[in-house]
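**Student:** Predicted coordinates and the sequence they were generated for:
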Amino acid sequence: MAEEAGPSEPLGVPRRAMGRESWEPGPPGSCGPAVGGLLWLALSSPVEAKRRRPENGDAEGPGLAKRQRAAAEPGPGRVPVGQLALDYVVPCLGCYGICVKDGFLGEALGAQILAEVVGLHQGGKLRDGQLVSARTVPSRSIRGDQIAWVEGREVGCRAIGALMARVDELILHCAGKLGGYDITGRTKAMVACYPGNGMGYVRHVDNPNGDGRCVTCIYYLNRQWDSKVHGGILQIYPEGRPVVANIEPIFDRLLLFWSDRRNPHEVKPAYTTRYAITVWYFDSKERAEAKGRHRLATAQKDIPPPTLQTGGPT
Ligand code: OGA
Ligand code: MN
């Protein structure tokens, strides 16, 4: 499933979350209260979630509340990946375009992944993140992360490979149920470190122009993250909704969201080292079209410009 990766593009001037409420489930609407509760549970602290659980949280039967808790809980009671996909990720992405799963892999594998990422960082393997376009603007003013692309089979990257396999499995279980996409490939994993110098990533859309990427999956690795002290929150401004989702980059959290213009987002300045691993999944049709356009553009570059006919045989 590996492919080379594409970077993200800025959205011009960074904007504040002005006029937007911090994310709340809001009225049930077409999504229903239970699914609202799922996202809400994932985005709230456990205490907050318990206190504010909707009265009608069990409206669709007792099994649902149990599934809700299982999906939100890390630890040995972790739900099988197929169930997580169908009961949680599919409805959550369908309703909100954003989905958070805490305790995705558990302490042991999470710790191994973190150790590998620290190894890459301390081994000098990370390079300044780049942008595909906006060549006139230095990347540094837009994104302050340092990155490496990892396939997952390299020495010292096997746990990262296990993470990738696990996310692949999750996405495969969602097959045919994710926004009409046909997902058959993905990028390598982008290991990213914001070094804690107050840099973030300005508001941008990962895939504004149909490069094929449809789902962004980010796995966070930061223990004892306190956003009030360390900053580094990911803010997502879902298109057409007056809300902002504040995602803390905490250890063993998996975040998924649509990669296109529905989800502009920004990483707030981080004041301590912040690690994350991102994988983007491709929609096969959009990816094929994007590759076709790219091939055409490159081929056209090779055609010599027409020369002026100045005389010659008649
Ligand atoms: C990105 C990005 C978000 C994060 O790399 O495109 O938006 O929380 N990262 O690290
Ligand atoms: Mn992004």
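**Tutor:** All right, it came through fine. Ligands and ions are numbered 1, 2, ... in the order given.
**Student:** residues in the stretch 151-300 of the chain within reach of ligand 1, list them.
**Tutor:** Listed as neighbours of ligand 1 in the stretch 151-300 of the chain under the rule C-beta under 6 Å from any ligand atom: 192, 201, 206, 218, 234, 249, 265, 267, 276, 278. C-beta: built from backbone N, CA, C; applies to glycine.
**Student:** Give me the contact list for the helix or strand the first one falls within.
**Tutor:** It refers to residue 192. Residue 192 belongs to strand 189-194 when elements are defined using DSSP states H and E. Residues from elsewhere that reach strand 189-194 (C-beta atoms under 8 Å, 6 or more residues apart in numbering): 5, 117, 120-121, 126, 129, 144-152, 160, 163-164, 200-201, 232, 267, 270, 273-279.
**Student:** among the residues you listed, which are in reach of ligand 2?
**Tutor:** Residues of the contacts of strand 189-194 in contact with ligand 2 (C-beta under 5 Å from the ion): none.
**Student:** what secondary structure does residue 262 sit in?
**Tutor:** coil (DSSP: H, G, I helix; E, B strand; the rest coil).
**Student:** How much space separates it from ligand 2?
**Tutor:** 13 Å (C-beta to the ion, to the nearest Å).
**Student:** Just name the shakiest helix or strand of the protein by mean pLDDT.
**Tutor:** Of all helical and strand segments in the chain, the minimum by mean pLDDT, DSSP states H and E falls on helix 46-52, at a mean of 33.
**Student:** which residue ranges form the strands in this protein?
**Tutor:** Here the chain has its strands, by DSSP state E, at 9-10, 21-22, 98-101, 127-128, 146-150, 183-186, 189-194, 201-205, 213-220, 234-236, 243-247, 253-258, 265-267, 274-283.
**Student:** Using CSV, please lay out the ones you listed together with mean neighbour count, distance to residue 78 and mean pLDDT.
**Tutor:** Converted to CSV, the strands of the chain look like this (neighbours: other C-beta atoms under 10 Å; distance: least, C-beta to C-beta, whole Å; pLDDT from 0 to 100):
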stretch, mean neighbour count, distance to residue 78, mean pLDDT
strand 9-10, 20, 36, 50
strand 21-22, 11, 28, 74
strand 98-101, 24, 10, 97
strand 127-128, 12, 35, 94
strand 146-150, 20, 25, 97
strand 183-186, 18, 23, 96
strand 189-194, 24, 22, 98
strand 201-205, 20, 30, 97
strand 213-220, 25, 15, 98
strand 234-236, 21, 23, 98
strand 243-247, 20, 20, 96
strand 253-258, 24, 12, 98
strand 265-267, 24, 27, 98
strand 274-283, 24, 19, 98
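**Student:** now those as a markdown table including distance to residue 110?
**Tutor:** Listed next are the strands of the chain as a markdown table, based on distance: least, C-beta to C-beta, whole Å:
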| stretch | distance to residue 110 |
| --- | --- |
| strand 9-10 | 30 |
| strand 21-22 | 27 |
| strand 98-101 | 13 |
| strand 127-128 | 25 |
| strand 146-150 | 16 |
| strand 183-186 | 21 |
| strand 189-194 | 14 |
| strand 201-205 | 23 |
| strand 213-220 | 9 |
| strand 234-236 | 18 |
| strand 243-247 | 17 |
| strand 253-258 | 10 |
| strand 265-267 | 21 |
| strand 274-283 | 11 |
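**Student:** just the angle between the biggest helix by length in the chain and strand 213-220, please?
**Tutor:** Identified as the longest helix of the chain according to DSSP state H is helix 284-302. Between helix 284-302 and strand 213-220, the angle comes out at 110 degrees (axes from the mean of the first three to the mean of the last three C-alpha atoms, to 10 degrees).
**Student:** for helix 284-302, the distance to its chain's centre please.
**Tutor:** Offset of helix 284-302 from its chain centre (C-alpha atoms, centre = their mean, to the nearest Å): 25 Å.
**Student:** what bits of the stretch 51-200 of the chain have low per-residue confidence?
**Tutor:** 51-77, 132-136 (pLDDT under 70).
**Student:** Okay, and the beta partners of the residue of it found nearest ligand 2?
**Tutor:** With C-beta to the ion as the measure, residue 143 is the residue of the stretch 51-200 of the chain nearest to ligand 2, at 8.6 Å. Using DSSP bridges, the bridge partners assigned to residue 143 are residue 201.
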